[in-house]
Structure formats: C-alpha cells, structure tokens
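# Sharing a sequence plus its predicted fold:
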Amino acid sequence: MKEIVEIISESLATLTLNKLRTGLAILGIVIGIGSVIALVSLGEASQQAIQSRIQSLGANLLTVSPGSQTQGSIRSATSDTTLTNDDAAAITSSSQVTTVSNVSPEVDSRAQVSVGRTNTNIRINGVVAAYADVHKITIDSGVFITNEDDTGMKKVVVLGPQVVSDLFPDGSDPIGKTILIKNISFQIIGVTVSKGGTGFGNQDNVAYVPLSIAQKELFGQNYLSDISLEAKSSDVMIQAQNEVGYLLLARHKFSDPSQADFNILSQADILSAASSTTGTFTALLSGIAAISLLVGGIGIMNIMLVTVNERTREIGLRKALGAKKRIITTQFLIEAIMLTFIGGIIGIISGVVFSYCYATFTSSLFVISPSAIAIAFVVSAGIGILFGWYPASRAANLQPIEALRYE
C-alpha cells in the first residue's frame with residue numbers, strides 16, 4: 001500500500017512539472033467526455049419533450065390516415081383522398097364499433113391569416129365539436145367550435161395562443177374580433193390554452209374552423225385529411241383498431257388488409273416511432289462525440305511516449321539501482337490513468353454545466369442520464385489503461401545500460 005501511495009505521489013509530481021503538456025493531454029479527454037454527456041442529455045431531453053407533446057394530444061388517440069400500408073410498415077400514399085365524411089359517420093353509427101367513444105373527422109392545410117396589416121401563415125384545422133375531447137383541447141377564453149357551427153356553416157374561428165400573439169401584438173382581447181383567412185372573414189369565438197411546441201407541429205400556432213366551412217369554402221375538398229378516434233380506454237386500443245379497420249375495409253371493398261387505402265396509428269405507434277428516431281439520432285451524435293475520446297486517448301499515448309523518451313536516463317538509473325519492471329510499468333500506467341481520470345471529472349462537470357445552460361437559455365428540459373455519466377467515467381479510465389499500457393511497457397522494457405547511454 002505504501003508503495004502505491006509513493007508511486008501516485010511521484011506521478012503527480014511528474015505531471016505537474018510540465019503543466020502545459022499535461023493540460024493539453026487532459027483537454028482531449030475533457031472535450032470527448034463533455035461532448036458525450038451533453039449530447040446524450042440533449043437527446044434524452046428532446047425525446048422526453050416529444051413524448052410529452054405526443055401524449056398531450058390524447059392518451060387513447062387513434063388516427064386514421066389516407067394512404068396504403070403493407071405488413072405494418074407505412075409507405076408513401078398513392079392517394080390522399082380516400083377518407084370521406086361518410087367514413088367518419090359510419091364509424092360513429094356502426095354497431096360493429098363498440099370501443100370508440102369519440103370520432104373527429106378533420107381536414108388541415110396551411111393558409112394566410114391577417115388582421116389589418118398584420119398577417120401570418122398558419123395551419124388551419126377544419127374540425128367538429130368532438131375534436132376538443134379527442135385531442136384534449138382546453139379553452140382559455142370564449143368557446144370551441146360546436147356541431148351547430150358546423151351544420152350551420154358559420155364563419156367562426158378558434159385561435160391558438162401563438163396566433164393571437166402574432167395577430168394581436170398589443171395584447172388586446174381577440175374574442176369577437178374579425179380576421180381574414182384566405183380573404184374570407186371569420187369571427188373569433190375562442191382561444192385555446194397553450195400546449196407548447198415548435199415548428200410545423202406547434203399546437204399553439206393553429207386556427208380551428210368548422211369542418212364544413214373548411215371543406216367547401218377554404219380548401220374546396222370533399223375528402224378528409226384524417227379521422228381521429230378516442231378509444232374508451234387504453235386497454236381496448238388494439239380492439240378499437242381492429243373494429244374500425246374491418247369496418248373501413250368493408251366500406252372501401254378490400255378483402256386483403258395489406259392492400260387497404262388507409263392506415264390506423266395509435267399513440268403508442270407514433271410514440272415508438274418518434275422515440276426510435278430520436279434514439280438513433282442521439283446514438284449517432286454520441287458516436288461522433290466518442291471519436292474525440294479516441295483522439296484524446298491517442299493524444300495521451302503520444303504524450304506518454306514523449307515522456308518515456310525524455311525520462312530514458314532516469315528509467316535506466318532506477319533500473320540500475322534495482323527498480324523492478326513492475327514498478328516502472330505501474331508508475332507510467334498510473335500517470336496515464338490520472339490524466340484520463342482528471343479529464344473525465346472535468347469533462348463530466350463541463351457536460352452537465354453546458355446541458356444546464358442550454359436548457360435554461362432555450363427553456364427546454366434539463367435531463368442528465370446517470371448511466372451516461374457512469375459510462376463516461378468508466379470509459380475515461382479504460383482509455384487511460386488502453387493507451388497508457390504501451391508507453392508503460394516500453395519504459396519498463398528499456399535495458400539499464402542502453403538507457404543510461406541515451407542522450
């Protein structure tokens with residue numbers, strides 16, 4: 001034990017003699033470990049955010065979309081006009097479908113919306129009253145679209161909070177005011193509660209209008225973009241998929257399910273696909289970051305080889321005085337491990353701090369994976385052993401006489 005303590009003490013003293021070289025050797029490990037921690041953290045935060053947003057759309061949600069599917073894998077739709085209002089009505093009234101509590105036929109497209117000189121391009125959803133229950137939409141002020149609005153083809157609109165802030169930057173109450181959608185006047189009757197999100201999937205950057213108006217006046221189509229269904233419970237999701245699937249197969253006159261011109265996805269399917277995608281992306285980024293660990297390890301090996309050359313006479317003198325091969329090997333190996341150990345600690349702290357700062361500045365989730373930290377710590381120690389072994393062995397195998405003659 002005393003011998004090990006002396007070796008560690010001597011190794012520390014040796015590393016501090018050339019601080020610049022030691023710092024550069026550690027830097028490679030710091031960058032590698034820090035990058036892995038930060039990227040895994042960002043990947044897991046993104047995955048949790050996506051899962052949260054998908055689940056906020058409705059836990060028991062089924063989505064019937066137009067297009068074909070084969071052996072469970074979605075392929076490009078040959079047609080996006082295969083779902084109709086009659087399909088939605090059939091699902092609602094059929095005695096064959098017993099596990100669905102709400103049916104929401106929908107159309108959606110993007111359009112220009114304006115108030116005075118202020119305008120924005122947003123997604124317009126043509127919906128019925130059931131949409132709010134199926135997608136868990138909560139009204140912040142006013143009311144949501146009703147079935148009377150749909151059957152009466154009323155020109156009313158419910159806005160997401162992002163649309164309100166874009167069109168009414170002065171913060172005025174939008175309820176009762178008029179906006180233009182594709183140059184058609186709509187009266188604002190409600191504003192939804194924020195769900196969060198960014199990009200084209202932002203649930204706050206949406207306007208809801210009655211389905212009949214969207215089909216006949218805004219988009220000029222008699223087909224549906226989707227039919228959203230709410231199963232009675234999560235336990236009957238598969239049964240609901242089967243019931244609706246067989247009903248639509250009969251209506252669309254298909255005997256082979258693999259040839260169907262529609263597909264039905266559950267939240268679990270969407271969640272699994274999203275998790276798989278983000279997981280693959282995170283793994284890819286982590287792999288790229290791991291390359292810097294390899295580079296850092298090679299850098300440490302180079303530093304140690306240079307150190308062996310510089311200390312050749314010292315090694316020869318110690319061996320001439322009786323130092324065993326094991327002692328020489330252990331000392332150089334400990335020096336390499338100490339470099340990676342210190343670099344690993346600093347890298348972990350750097351990765352956590354970077355992830356926290358990024359989450360704070362972007363208002364995103366801050367997630368740290370304990371397993372990533374543990375793996376990074378083990379990897380840093382492993383790199384020290386792996387890349388420190390060759391220089392240590394080379395030092396230990398020097399012949400005392402040749403080492404003493406080395407200039």
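On my side now, so go ahead. Numbers count the residues shown, from 1 in each chain.

# Please enumerate the strands of the stretch 201-350 of the chain.
Taking DSSP state E, counting those that start in this stretch as the criterion, the stretch 201-350 of the chain contains strands spanning 206-210, 226-231, 262-266.

# The longest one pairs with which strands?
What that stands for is strand 226-231. Its sheet considered, strand 226-231 pairs with strand 61-66 (antiparallel), strand 100-115 (antiparallel) by DSSP bridges.

# Now do that strand against strand 262-266: the angle between them, please.
The directions of strand 226-231 and strand 262-266 differ by 40 degrees, with axes from the mean of the first three to the mean of the last three CA atoms, to 10 degrees as the criterion.

# about what we covered before: would you list the strands of the stretch 201-350 of the chain in a markdown table and tack on mean pLDDT, mean neighbour count and distance to Ile342?
Every C-beta, even on glycine, is put in place using the N, C-alpha and C of the backbone. Supplementary listing: the strands of the stretch 201-350 of the chain in a markdown table, determined by pLDDT from 0 to 100; neighbours: other CB atoms under 10 Å; distance: least, CB to CB, whole Å:
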| stretch | mean pLDDT | mean neighbour count | distance to Ile342 |
| --- | --- | --- | --- |
| strand 206-210 | 95 | 25 | 51 |
| strand 226-231 | 90 | 24 | 55 |
| strand 262-266 | 84 | 20 | 49 |
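
# and these as TSV, adding distance to Ser255?
Output for the strands of the stretch 201-350 of the chain, formatted as TSV (distance: least, CB to CB, whole Å):
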stretch	distance to Ser255
strand 206-210	36
strand 226-231	22
strand 262-266	15
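
# and of these, who's closest to Phe219?
Distance to Phe219, taken as CB to CB, is lowest for strand 206-210 among the strands of the stretch 201-350 of the chain, at 10.2 Å.

# Give me the contacts around the closest one.
Residues external to strand 206-210 that are found in contact with it (CB atoms under 8 Å, 6 or more residues apart in numbering): 113, 122-128, 131, 137, 144-145, 149-150, 153-160, 163, 181, 186, 192, 218.

# same thing with stretch 372-391?
The set of residues external to stretch 372-391 that reach it, using CB under 8 Å, 6+ apart, is 29, 33, 36-37, 40-41, 293, 296-298, 300-301, 304-305, 307-308, 332-333, 335-341, 343-344, 347-348, 351.

# Which among those residues count as buried?
Among the contacts of stretch 372-391, those buried by neighbour count (16 or more other CB atoms under 10 Å) are 29, 33, 36-37, 40-41, 293, 296-297, 300-301, 304, 307-308, 332-333, 335-341, 343-344, 347-348, 351.

# which helices and strands sit right next to the helix or strand hosting Gly34?
Element membership of Gly34, judged by DSSP states H and E, is helix 19-56. On a contact count with 3 or more CB pairs under 8 Å, 6 or more residues apart in numbering; DSSP states H and E, helix 19-56 meets helix 267-310, helix 325-362, helix 370-396.

# tell me the mean pLDDT for it?
Confidence over helix 19-56, taken as the mean pLDDT, stands at 75.

# Now do it and strand 61-66, the angle between them.
Comparing the axes of helix 19-56 and strand 61-66 via the same axes, to 10 degrees yields an angle of 80 degrees.

# how about low-confidence regions in the stretch 201-350 of the chain?
Residues of the stretch 201-350 of the chain that meet the criterion pLDDT under 70 lie in 201, 267-279, 282, 285-286, 289-290, 292-293, 308-323.

# Recalculate using a threshold of 50.
Counting by pLDDT under 50, the stretch 201-350 of the chain contains no low-confidence residues.

# do the stretch 51-200 of the chain as well
Checking the stretch 51-200 of the chain against pLDDT under 50 turns up 70-79, 199-200.

# Any idea which of the helices and strands packed on helix 19-56 gets closest to Ile238?
The stretch from the helices and strands packed on helix 19-56 with the least distance to Ile238 (CB to CB) is helix 267-310; that distance is 9.5 Å.

# Not counting sequence-adjacent ones, nearest residue to Phe186?
Nearest in space to Phe186, with sequence neighbours left out and distances taken as CB to CB, 6 or more residues apart in numbering, is Val157 at 4.1 Å.
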